[in-house]
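Trainee: Whatever this is, show me its structure:
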Amino acid sequence: MRSTVVGSYPVEFKEPSNFKDKILKTFGAYDPFKESIKHAVFSQLDAGVDIVSDGQVRGDMVSSFSKYIPGFKIKDGNTYIVSKILRPIGEISVKDLLYAKKLVKEYYNGNVPEGKGVKGIITGPSTIIHSSRISSFYKEKDDAIIDLAHSLKSEVNAIERRVKPVYIQVDEPFLSTGMVNMKVAREAIDILHDGLSIPLAMHVCGTLEGAYKDIAKFNVDILDFEFAGNNVNLGILEKNMDLFKGKKIGFGCIDSSKNEVDSKEKTEELISKGIDIVGKEDILLDPDCGLRRAPMDVAFEKLKLMNDIKNQY
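Mentor: Here you go, the predicted model:
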């Protein structure tokens, strides 16, 4: 049984402290997020997380990708679709993921244990399009979703080729809202998965009621749901586990909506139920969603609690 994170971690900004970084800042080349990535990765590893993220420190899940993709425009904090969606201008997340992978290797003194490492994360086509406003070119969001899937496929391929992560996760929280054409969303995921030699995961937060039958059909290797802050999903999983046969389950067992450390007893009980339903070999423990909004110490203690319980099994 392994553990991971959904993605984001609290951001820690640091002013340059050494001569080199101060010179880089003078020339506008200092990266204020690099220390945040380092802190996120080391904090996750210190807490016992097996498969870490780069902390997703550079912004929200939509603009972090849309600002690099022709066809989108960001104005006053909102994302607009203004022309045909094309391939990204260069690689979007690869540089940060390579740095995170380097940090993992450094943490383990060059000998990274089997099953541990970094994962790539992209925001899914359906979620980005449904979070954006169409200004021109597209009449239907479904057409934009497919074009965006082809665009993001180049990023998925770059992550696989350059980073060689444990797996790649696609975040699609909108799939539980009832607003998305599931047939089109499934086609978009098929585009992302095509030819991939490593596992593909899909994270869907929210209540699964009304959507789980469709979600179970998606061509992914891992489905990640929230259970700690959702009283409905555990019952749905227990009654319909046969629909998810052949897939591993990312089991959200830490409530990311609360900025306080979870109850040890309740978390132990939830994880125990999850293992009974899914099995130790097919379960990945993680928080319900990202932890960016939590205070730094709380985020760490949440992850440590989850992994302390994992280590009991």
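Trainee: going forward, measure contacts and count neighbours with C-alpha atoms only.
Mentor: OK.
Trainee: the longest strand in the chain is where?
Mentor: As assigned by DSSP state E, the longest strand anywhere in the chain is strand 248-254.
Trainee: what's that one in contact with?
Mentor: 203, 221-229, 262, 267, 270-271, 274, 278, 282-289, 302-303, 306 (CA atoms under 8 Å, 6 or more residues apart in numbering).
Trainee: let's see 7 Å
Mentor: 221-228, 262, 267, 270-271, 282-288, 302 (CA atoms under 7 Å, 6 or more residues apart in numbering).
Trainee: buried stuff in that strand?
Mentor: 248-254 (16 or more other CA atoms under 10 Å).
Trainee: Put together a markdown table for those residues, with pLDDT and distance to Ala158 on each row.
Mentor: Formatted as a markdown table, the buried residues of strand 248-254 follow (pLDDT from 0 to 100; distance: CA to CA, whole Å):
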| residue | pLDDT | distance to Ala158 |
| --- | --- | --- |
| Lys248 | 98 | 24 |
| Ile249 | 98 | 25 |
| Gly250 | 98 | 24 |
| Phe251 | 98 | 27 |
| Gly252 | 98 | 28 |
| Cys253 | 98 | 31 |
| Ile254 | 98 | 31 |
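Trainee: remind me, longest helix of the chain?
Mentor: If you go by DSSP state H, the chain has its longest helix at helix 141-158.
Trainee: partners of the helix or strand following it in the sheet?
Mentor: Using DSSP states H and E, the next helix or strand after helix 141-158 towards the C-terminus is strand 168-171. Within its sheet, strand 168-171 is paired with strand 120-123 (parallel), strand 200-203 (parallel), according to DSSP bridges.
Trainee: how about the first one: buried residues?
Mentor: Using 16+ other CA under 10 Å as the burial criterion, the residues of strand 120-123 that qualify are 120-123.
Trainee: can you check stretch 71-82 too?
Mentor: 71-73, 79-82.
Trainee: just stretch 142-156 next, same as before
Mentor: So, applying 16+ other CA under 10 Å, buried residues of stretch 142-156: 142, 144-156.
Trainee: quick check, nearest of these to Lys116?
Mentor: Using CA to CA, Val156 comes nearest to Lys116 of those, at 20.1 Å.
Trainee: Strands of the stretch 201-313 of the chain, start to end?
Mentor: 222-226, 248-254, 283-287 (DSSP state E, counting those that start in this stretch).
Trainee: between the longest one and strand 222-226, what angle do the directions make?
Mentor: Just to be clear, that refers to strand 248-254. In terms of direction (axes from the mean of the first three to the mean of the last three CA atoms, to 10 degrees), strand 248-254 departs from strand 222-226 by 20 degrees.
Trainee: Strand 248-254 pairs with which strands, and in what direction?
Mentor: strand 222-226 (parallel), strand 283-287 (parallel).
Trainee: For the strands paired with strand 168-171, give me TSV that also has distance to Gln169 and mean pLDDT.
Mentor: Output for these, formatted as TSV (distance: least, CA to CA, whole Å; pLDDT from 0 to 100):
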stretch	distance to Gln169	mean pLDDT
strand 120-123	5	98
strand 200-203	4	98
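Trainee: and Pro165, which of these is closest to it?
Mentor: With CA to CA as the criterion, Pro165 lies closest to strand 120-123 of these, at 6.3 Å.
Trainee: mind checking which helix or strand of the protein has the lowest mean pLDDT?
Mentor: helix 19-26 (a mean of 52; mean pLDDT, DSSP states H and E).
Trainee: Touching the helix or strand following that helix from outside, list them.
Mentor: Using DSSP H and E, the next helix or strand after helix 19-26 towards the C-terminus is helix 34-46. Applying CA under 7 Å, 6+ apart, the set of residues contacting helix 34-46 from outside is 9, 11-14, 52-55, 57, 100, 103, 300.
Trainee: Go ahead and confirm Asp50 touches Val5.
Mentor: No - the criterion here is CA atoms under 7 Å, and Asp50 misses it with Val5 at 9.0 Å.
Trainee: Looking at these two, which is more packed in?
Mentor: Neighbour count, other CA atoms under 10 Å: between Asp50 and Val5, Val5 has more, with 25 against 21.
Trainee: my guess is the more buried one meets Val52, correct?
Mentor: Yes - contact criterion CA under 7 Å: Val5 and Val52 qualify, at 6.3 Å.
Trainee: For the two, list the residues in contact with both.
Mentor: Between them, Val5 and Val52 share no contacting residue, judged by CA under 7 Å, 6+ apart.
Trainee: In a strand, Ser3, correct?
Mentor: Yes - Ser3: assigned to a strand according to DSSP: H, G, I helix; E, B strand; the rest coil.
Trainee: bridging residues for the nearest residue to it once chain neighbours are set aside?
Mentor: What sits nearest to Ser3 in space, not counting adjacent residues and going by CA to CA, 6 or more residues apart in numbering, is Leu285, at 4.5 Å. Beta-bridge pairing of Leu285 under DSSP bridges involves Ser3, Phe251.
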